[in-house]
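**Q** Predicted model, plus sequence, below.
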Amino acid sequence: MQINVNDETTTLKRLVTADAVAEFLGMSKQGLYEAVRRRLVPAVHIGRRIRFDLEIINQWAAQGGSPDDRKGDN
């Protein structure tokens, strides 16, 4: 999604739920939460909620899903 702010186009990052990422990665939601807890999968924490930046997850998965490639872990 893009928005126009002061004549500049800005791309909004899309945050997705654990359900979507677990399906994408072919794992259970509980397994995904455990991987996030162990800091193996990059996640964004918003209060008590956990969301995933789709762009970062795609990059991370394309690079083999190595924990050293994490970005956006808040």
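**A** Here it is on my side, so go on. Residues are numbered from 1 along each chain as shown.
**Q** Phi, psi for the residue most central in space within the chain please.
**A** Centroid-nearest residue in the chain: residue 52, 2.5 Å away (criterion: Cα atoms, centre = their mean). Main-chain dihedrals, residue 52, degrees, to the nearest 10: phi -130, psi 130.
**Q** what's near enough to touch it?
**A** Contact partners of residue 52, counting by Cβ atoms under 8 Å, 6 or more residues apart in numbering, are 15-18, 20-21, 41-44. For glycine as for every other residue, the C-beta is placed from the backbone atoms N, C-alpha and C.
**Q** Now which of those residues would you call buried?
**A** Among those, the ones that count as buried by 16 or more other Cβ atoms under 10 Å are 15, 18, 20-21, 41-44.
**Q** buried stuff in stretch 50-68?
**A** The neighbour-count check on stretch 50-68 (16+ other Cβ under 10 Å) flags 50-53, 56-57, 60 as buried.
**Q** Inside helices: which ones of those?
**A** Residues of the buried residues of stretch 50-68 located in helices (DSSP state H): 56-57, 60.
**Q** Tell me where this structure has strands.
**A** Assigned by DSSP state E, the strands in the chain fall at 2-5, 8-11, 15-16, 44-46, 49-53.
**Q** pLDDT score for the closest residue to residue 43 other than its chain neighbours?
**A** The shortest distance from residue 43 to any residue other than its chain neighbours is 4.5 Å, reached at residue 36 (Cβ to Cβ, 6 or more residues apart in numbering). Predicted confidence (pLDDT) at residue 36: the value is 95.
**Q** Run the chain-centre distance for stretch 30-43.
**A** Centre-to-centre, stretch 30-43 and its host chain are 11 Å apart (Cα atoms, centre = their mean, to the nearest Å).
**Q** Skip the chain neighbours and tell me the closest residue to the residue nearest to the centre of the chain.
**A** The spatially closest residue to residue 52, leaving aside those adjacent along the chain, is residue 21, at 4.6 Å (Cβ to Cβ, 6+ apart).
**Q** so the one you found touches residue 57, yeah?
**A** Yes. With contact defined as Cβ atoms under 8 Å, residue 21 reaches residue 57; the gap is 5.8 Å.
**Q** Now list whatever residues contact both of these two.
**A** With Cβ under 8 Å, 6+ apart as the test, residue 21 and residue 57 both reach residue 41.
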